[in-house]
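*Asks:* have a look; sequence and predicted model below, questions after that.
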Amino acid sequence: MSKSLPSRAENYSEWYNELVKRADLAENSAVRGCMIIKPYGYSIWEKMQRALDDMFKETGHTNAYFPLFIPKSFLSKEASHVEGFAKECAVVTHYRLKNDPNGGGVIVDPDAKLEEELIVRPTSETVIWSSYKNWIQSYRDLPLLINQWANVVRWEMRTRLFLRTAEFLWQEGHTAHATKKEAIDETEQMLEVYAEFAETFMAMPVLKGIKTANERFAGAEETYCIEALMQDGKALQAGTSHFLGQNFAKAFDVKFLSKENQLDYVWGTSWGVSTRLMGALIMAHSDDQGLVLPPKLAPIQVVIVPIYKGDEQLNLIKDKIDPLVKALKKQGVSVKFDTSENQSPGFKFAEYELKGVPIRLAIGGRDIENGTIELARRDTREKTSMPFDGIEQVVIDTLQDIQEKIYAKAFAFRESNTHEVNTWEEFQTKIEEGGFISAHWDGTSETEEKIKELTKATIRCIPLGVKKETGKCVLTGSTSEHRVIFARAY
RNA sequence: CGGGGUGUAGCGUAGCCCGGUAUCGCGCUUGGUUUGGGACCAAGAGGUCGUAGGUUCGAAUCCUGCCACCCCGACCA
């Protein structure tokens, strides 16, 4: 195994794959397309879950759990929904194995065929709405605000760790409301929650917007999304929030009696983010040395590496560091004091950089004599020797500063890679350079598809609050009322 | 599912053309010396050469089937 990572410039996707493996985030499993999320990677996901879950609770949602298996008949109740997912569903057809009479291990018992096949959920709208039918009778039962943390399966042809896997972890919120307005408000609220999470925790700027009909979720009336720009200039859809209208209520016959004693279908939403966010996090900040994690999501925020000759010196260092570790932990900072002897300091430096630990403190005999300690920040890779006294506060301030700086850096990157484009020639040139392209579009699916065919670029979103501006579609020249954002996407 | 490629120790590989039971590096174990940016020395452990069959006295090597994985396309969060 070579020591350094492939560089981003050299081969971005190889850099990504190697980074995921070397930083011990995840690896491929025996089943094609599935991944094993390793402890270090999973602890980042847990931090994401915690933060998101708190935000969901704060906005009035409660968690529940619905089954993995969906009767095939459920899936076909909402026409566009089946159509959207049919091609990538795993299907359970039997419930028993038996020993192969010809001696070849176990085989599927042909006598154990299921009456009705079960679909491994690609998403849970159908199971959930079939329950909601029983749970909702009156306006007093509304709104129903439920979230679940679960795994889902979509049988993708080509997969990549975190970015697209056959099985992935996510949360899916499913809500039911008495009015259309309330449901739309909910959809927009959850988009805000996602955007806030992405920006404050992941330090990743996102563009909020609405999907075009082509890119809309199967079964939704409107799909809201947050879109992020990765370092290679490709866009990544980081989260979606769907206004379902009354589609699922009608498909599953979910009606309620209003205050006015009127029977009507309820209005629905669903919204989700997945382990794909891990991919976004990795690509948003990391460099050729490895991961760069925002302090708010880093499993280890500070690592302390002792440099010593002999036990005596190590003990001196321990005497100094133990109280510091205690003090930092008390302040809620996660610290690792790495006293392991089997690796040299240099190895540890490289290792923790690879793993994206925001701050590294190094302390050796020299520092003990001088009353100093060396602080290295992962984002800039700057090393500074500073007085040991007061280091605790410096660490806390620096964590905060790193969180802000990496956001600012990602924001600046997005800004400098977002271009207004007015002609087709310009569009073709700019799309090759990567980044977001803000351009006029005539509003038709035909044009959108044509552009995709010609350039591989899709409309990432119609930004929320986009200003009205009369213009001409970059491709057809037909009139357009506002710009939309194009990019090549993951 | 089309087009290309690769399967040899935990990982990365040499050997294959031209058949004689497998090379090197990393990692691992033990002991010692080290430690301010991926330490060094010594001794070890670790292999049904993807799989099934064929050719042969003899197959990692030649032939055939199968399987898996990777890359490029169509599909997608």
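*Replies:* Alright, I've got the coordinates.
*Asks:* chain center to stretch A:278-297: distance?
*Replies:* Between the centre of stretch A:278-297 and the centre of its chain there are 12 Å (Cα atoms, centre = their mean, to the nearest Å).
*Asks:* what's the span of it, first residue to last?
*Replies:* 11 Å (Cα to Cα, to the nearest Å).
*Asks:* buried stuff in that stretch?
*Replies:* Neighbour-count burial for stretch A:278-297, counted by 16 or more other Cβ atoms under 10 Å, picks out A:278-287, A:290-297. The way it works is simple: take the backbone N, C-alpha and C, and place the C-beta from them, glycine included.
*Asks:* next, A:Asp389: phi, psi?
*Replies:* Per-residue torsions, A:Asp389: phi -60, psi 130 (degrees, to the nearest 10).
*Asks:* show me where the stretch 301-450 of chain A has its helices.
*Replies:* When secondary structure is read from DSSP state H, counting those that start in this stretch, the stretch 301-450 of chain A shows helices at A:310-330, A:345-354, A:365-370, A:391-416, A:424-433, A:445-455.
*Asks:* would you turn those into a markdown table with distance to A:Leu118?
*Replies:* Putting those into a markdown table (distance: least, Cβ to Cβ, whole Å) gives the following:
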| stretch | distance to A:Leu118 |
| --- | --- |
| helix A:310-330 | 47 |
| helix A:345-354 | 42 |
| helix A:365-370 | 62 |
| helix A:391-416 | 42 |
| helix A:424-433 | 43 |
| helix A:445-455 | 34 |
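*Asks:* which segments of chain A make up each domain?
*Replies:* Domain segmentation of chain A under automatic domain parsing yields A:12-68+A:128-285, A:302-398, A:418-487.
*Asks:* and the second one, how far out from the chain's middle?
*Replies:* So that's domain A:302-398. On Cα atoms, centre = their mean, the centre of domain A:302-398 falls 31 Å from that of its chain.
*Asks:* from RNA strand B, how far off is A:Lys430?
*Replies:* Computed as Cβ to the nearest atom of the strand, to the nearest Å, the A:Lys430 to RNA strand B distance reads 19 Å.
*Asks:* show me what contacts that residue?
*Replies:* By Cβ atoms under 8 Å, 6 or more residues apart in numbering, the contact list for A:Lys430 reads A:His419, A:Val421, A:Ile437.
*Asks:* the first one: what's it in contact with?
*Replies:* Shown in contact with A:His419 (Cβ under 8 Å, 6+ apart): A:Lys430, A:Gly435, A:Phe436, A:Ile437, A:Ser438.
*Asks:* bridging residues for it?
*Replies:* A:Ile437 (DSSP bridges).
*Asks:* repeat that for A:Lys208.
*Replies:* Here A:Lys208, judged by DSSP bridges, has bridge partners A:Ile226.
*Asks:* so it sits right up against A:Gln237, yeah?
*Replies:* No - the criterion here is Cβ atoms under 8 Å, and A:Lys208 misses it with A:Gln237 at 11.9 Å.
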